[in-house]
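> this is a predicted model, with the sequence first.
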There are 2 protein chains.
Amino acid sequence: MDWDDLSPAEFRVLETVFWSGGASRHELAGQADFSKSKANAAVAALVERGLLEEVGPQPSTGGRRPELLRLAHRMGVLLAIDLGATSLALAVMAPDLTVLAYHSEAADVRAGPGVTVSRVRILLRQLLQQAGASASQVIGIGMGVPGPVEFDSGLLVNPPLMPGWEGFSIREYLREDYRAPAFIDNDVNLMALGELGRLQRRLSDFLVIKAGTGIGCGIVCHGEVYRGAEGSAGDVGHICVDHDGPRCHCGNLGCVEVMAAGPALARMAMEAARAGESAMLAERLQAQGTLTPEDVAQASRSGDVAANAIIQRSGQLLGRMLASLVNFFNPSHIFIGGGLARIGPLYLASIRQSIYQRSLALSTRHLQIEYAPLGERAGLSGAGVLALQETLRLHRRGRGR
Amino acid sequence: MDWDDLSPAEFRVLETVFWSGGASRHELAGQADFSKSKANAAVAALVERGLLEEVGPQPSTGGRRPELLRLAHRMGVLLAIDLGATSLALAVMAPDLTVLAYHSEAADVRAGPGVTVSRVRILLRQLLQQAGASASQVIGIGMGVPGPVEFDSGLLVNPPLMPGWEGFSIREYLREDYRAPAFIDNDVNLMALGELGRLQRRLSDFLVIKAGTGIGCGIVCHGEVYRGAEGSAGDVGHICVDHDGPRCHCGNLGCVEVMAAGPALARMAMEAARAGESAMLAERLQAQGTLTPEDVAQASRSGDVAANAIIQRSGQLLGRMLASLVNFFNPSHIFIGGGLARIGPLYLASIRQSIYQRSLALSTRHLQIEYAPLGERAGLSGAGVLALQETLRLHRRGRGR
């Protein structure tokens, strides 16, 4: 791909088509940030160059059915990587995020960057082959990691779950295989970017919560993912929800993470089992030697009273933290994702109740609190959005714009 | 002023010049969001039309001294109004925010909108005369009010300090005097906008806290004031800082406002006086019948131990709330304004200490916490920025862009 002779207007049309997930010429001329004649000229030039392509007529409510424009598949492919603390998902995608090849497997980031990134490189090569594409066709790479990232450098900064990754440049290793630019971001930011893509940017101010082993938050503000001054925005796990609460590994008392994340749920469940409050949990503890949030969810589904109380307590504490964010940030939506989102409706109901109780009426008037619609695919989808968006931005800026 | 025949590029040059507080042609060609030749052409056209003007050569570090461009004073004037709960400040400003006429006086918003807005209209007429300008020369009006505002409609929404203002349209009354558009915003948002203007947008992510009778927060995110989905973003006074704290008028326990705002300081001071903990405060209470935060500040400056403890306690509680915001939002700066900012260095030191103790290291690595540099002028300055910025936006959009 040679981006150098694209005009600013052409870049803007590409971005608009990408975010709209396919748009008619008519819509484009109305949406993009310049005149109709200029938009039409840019579209014509991009179709001519094979960067935009028309896909068949769409269902219409009357009149001539418009053809939709999308980013042409012959533009190249994107590589998307979602690295979790214990999992790895990868995909080769077309520029419009159609998945061309996909793979996921268990992983352990504690094995260190050398092992993990080698595995990523091998898998990407296999997936590219599977998708019938070559390394030279890759136009951009997006990757999510479970720790704080300095976005500009792509380096991890004090990642608590990733010992040994500090200062390691994932980008440099990927550069050995691909000329395309690589962008690294925190996994929760990518969940937010994934949902933003799904929504075609129709919501501009919302939060995505990842509640699992830890608790993190992706922030969308003015229609863009917000990373903060040091890239650590959304690091909400250590917000205090009880000044007399237990001590967290961070040194402070009553952080929401130590009181309400996955390990806290498991601990409360084991305490309940040992205290004889739940025969179901006790039986499972005896059989497995330990308990997980999944065990609590199952017991709750069978009507176990102690399990229900644990889930409600956990949801209430998370909601208490979120109530502060709602007062401060006034989002239109909060999407809850991560492992704990599998617990079920009682968890969500407890979170909602707690937020409504502690937030201002004006802020919750139209607030919607839901499980994240993309679920576990949000991160990988966001990695694809990151790859395409940042690649276009980079080349646009490269032109002195 | 006739805006209709300005091109998008010309609008963008005007905005760039405004935010840069005066820029050379060379800087403009580099900054604005289009090519150099287009920037130069736009500048030439705007100078020709009398919308930009050159001001004399500026100090240079060598080479030819560049002339600076600024928004031409003959473009018209702005009206800026900063209405507080107990004060009113107004100014006529040139488009580059030079103050041409200024007035301030005591006010009481509880007198209701009729009385207050009538007074505003009279004062604006006098100020315009004083500035040698006519109503037809007004190009935009910006006004701050001490309550939550629905920005698009300009209406107040459940303003707790402003009974009787709900649903009252300030805009409509101003429309009787001026053809120019009027924009209404919350006073803390305007403080943030004022500081953003002072900084010429060089910081993109920061918070401005107003701590006085209430506690509010202005948010700057991606270089723009952020108002949230319902316009209530920054309404942080009811964030909980102690789940066993006293009951707030909002119905919840331990809101930061009920525990740490001005009235709480006064209450703690009266308790200390009555408990015999401070001879100084007791004497003043006897003399005045009541105590204010100003009394606490004075006692503290004289070394009163009880007054110091009250200030530290209040700063610590505010800092506790801010620590949550720092973890979530990761701002580069927090500027503390409002009446309590007059208390002195001990208050600021207590806030800082509390934030550092409870926030993540990465978020506070470069965080700066200061008293708001514009002090009490921030709101009026922000009203001027609002007037100019939104007027340009409105006319730009009016052109179908």
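Here it is on my side, so go on. Numbering: from 1, shown residues only, chains lettered A, B, ... in the order given.
> interface residues of the stretch 201-350 of chain A facing chain B?
Proximity of the stretch 201-350 of chain A to chain B, by C-beta under 8 Å from any C-beta of the partner chain, involves residues A:205, A:217, A:219, A:221-222, A:224, A:226-236, A:238-240, A:242-243, A:250, A:252, A:320-321, A:323-325, A:327-332. In short, each C-beta sits where N, CA and C put it, glycine included.
> ChimeraX command to pick out the buried ones of the residues you listed?
Selecting only the buried entries of these in ChimeraX, with 16 or more other C-beta atoms under 10 Å in any protein chain shown as the criterion:
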select /A:205,217,219,221,224,226,227,228,229,230,231,232,233,234,235,236,238,239,240,242,243,252,320,321,323,324,325,327,328,329,330,331,332
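> and whichever residue of the stretch 301-401 of chain A sits closest to chain B, what does it touch?
Per C-beta to the nearest C-beta, A:N330 is where the stretch 301-401 of chain A lies closest to chain B, at 2.7 Å. Contact analysis of A:N330 by C-beta atoms under 8 Å, 6 or more residues apart in numbering or on different chains lists A:D205, A:L362, A:S363, B:R227, B:G228, B:A229, B:E230, B:G231, B:S232, B:A233, B:G234, B:D235.
> residue ranges of the strands in the stretch 51-200 of chain A, please?
With strands called from DSSP state E, counting those that start in this stretch, the stretch 51-200 of chain A shows them at A:52-57, A:67-71, A:77-83, A:87-93, A:99-106, A:138-145, A:149-150, A:155-156, A:182-186.
> and the residue nearest to A:R352 when sequence neighbours are not counted, backbone torsions?
Distances taken as C-beta to C-beta, 6 or more residues apart in numbering or on different chains put A:I369 closest to A:R352, at 5.0 Å, once the chain neighbours are dropped. When quoted as degrees, to the nearest 10, the phi and psi of A:I369 stand at phi -120, psi 120.
> may I have the beta-bridge partners of A:I369?
A:I369 has the following beta-bridge partners by DSSP bridges: A:I334.
> identify the residues contacting the helix or strand bottoming out on mean pLDDT in chain A?
Least confident helix or strand of chain A, by mean pLDDT, DSSP states H and E, is helix A:25-31 with a mean of 77. Residues external to helix A:25-31 that are found in contact with it (C-beta under 8 Å, 6+ apart): A:V13, A:T16, A:V17, A:S20, A:A23, A:K36, A:A39, A:N40, A:V43, A:P66, A:E67, A:L69.
> quickly name whichever of those is closest to chain B.
The shortest approach to chain B among the contacts of helix A:25-31 belongs to A:K36, at 8.7 Å (C-beta to the nearest C-beta).
> tell me the pLDDT at A:F34?
As predicted, A:F34 sits at a pLDDT of 68.
> can you check A:Q316 too?
Confidence score, pLDDT, at A:Q316: 97.
> for it, give me its contacts.
Going by C-beta under 8 Å, 6+ apart, A:Q316 touches A:S350, A:I351, A:Q353, A:S354.
> which of those residues ranks first by neighbour count?
Tallying neighbours with other C-beta atoms under 10 Å in any protein chain shown puts A:I351 at the head of those, with 29 neighbours.
> got the domain ranges for chain A?
Per automatic domain parsing, the domain ranges recorded for chain A read A:8-74, A:75-196+A:378-398, A:200-373.
> what is the mean pLDDT for the second one?
What that stands for is domain A:75-196+A:378-398. Per-residue scores along domain A:75-196+A:378-398 average to 94.
> list the contacts of whichever helix or strand A:M280 is part of.
Following DSSP states H and E, one finds A:M280 within helix A:279-288. Outside of helix A:279-288, the residues within contact range by C-beta under 8 Å, 6+ apart are A:269-270, A:272-274, A:276, A:291, A:295-296, A:299, A:302, A:304, A:306-307.
> re earlier: any idea which of the contacts of A:Q316 is closest to A:L388?
Nearest to A:L388, judged by C-beta to C-beta, of the contacts of A:Q316 is A:I351 at 32.5 Å.
> one step back: so which of the residues of the stretch 201-350 of chain A next to chain B sit within strands?
Judged by DSSP state E, the subset of those located in strands is A:C217, A:I219, A:C221, A:E224.
> isn't the last one up against B:H222?
Yes. At 6.1 Å, A:E224 counts as touching B:H222 under the criterion of C-beta atoms under 8 Å.
> in contact with A:R313, which residues?
Counting by C-beta under 8 Å, 6+ apart, A:R313 has contacts A:A260, A:M268, A:S350.
> now do the contacts for the residue lying closest to A:R74 once chain neighbours are set aside.
Excluding its sequence neighbours, the residue lying closest to A:R74 (C-beta to C-beta, 6+ apart) is A:G50, at 5.6 Å. Neighbouring residues of A:G50 by C-beta under 8 Å, 6+ apart: A:A72, A:R74, A:M75.
> make sure A:G50 is indeed in a helix.
No. Per DSSP: H, G, I helix; E, B strand; the rest coil, A:G50 lies outside any helix segment and is coil.
> what does the pLDDT read for it?
pLDDT, A:G50: 90.
> cool, A:R64 as well?
The model reports A:R64 with a pLDDT of 61.
> out of the contacts of A:N330, flag the one nearest to B:D5.
Checking the contacts of A:N330 against B:D5 by C-beta to C-beta gives B:R227 as the nearest, at 31.5 Å.
> just the pLDDT for the closest one.
On pLDDT, B:R227 comes in at 94.
> ok, A:E370 - how many residues close by?
Neighbours around A:E370, by other C-beta under 10 Å: 12.
> run a quick neighbour tally on the nearest residue to it once chain neighbours are set aside.
Distances taken as C-beta to C-beta, 6+ apart put A:F335 closest to A:E370, at 5.9 Å, once the chain neighbours are dropped. The number of residues packed near A:F335 is 27, by other C-beta under 10 Å.
> isn't A:F335 right next to A:L367, touching?
No. Judged on C-beta under 8 Å, A:F335 makes no contact with A:L367 at a distance of 11.8 Å.
> one step back: quick one: the contacts of helix A:25-31 as JSON lines, columns for secondary structure and distance to B:S381 too.
Compiled in JSON lines, the contacts of helix A:25-31 are given as follows (DSSP: H, G, I helix; E, B strand; the rest coil; distance: C-beta to C-beta, whole Å):
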{"residue": "A:V13", "secondary structure": "helix", "distance to B:S381": "39"}
{"residue": "A:T16", "secondary structure": "helix", "distance to B:S381": "36"}
{"residue": "A:V17", "secondary structure": "helix", "distance to B:S381": "41"}
{"residue": "A:S20", "secondary structure": "helix", "distance to B:S381": "39"}
{"residue": "A:A23", "secondary structure": "strand", "distance to B:S381": "41"}
{"residue": "A:K36", "secondary structure": "helix", "distance to B:S381": "39"}
{"residue": "A:A39", "secondary structure": "helix", "distance to B:S381": "38"}
{"residue": "A:N40", "secondary structure": "helix", "distance to B:S381": "43"}
{"residue": "A:V43", "secondary structure": "helix", "distance to B:S381": "44"}
{"residue": "A:P66", "secondary structure": "coil", "distance to B:S381": "48"}
{"residue": "A:E67", "secondary structure": "strand", "distance to B:S381": "51"}
{"residue": "A:L69", "secondary structure": "strand", "distance to B:S381": "45"}
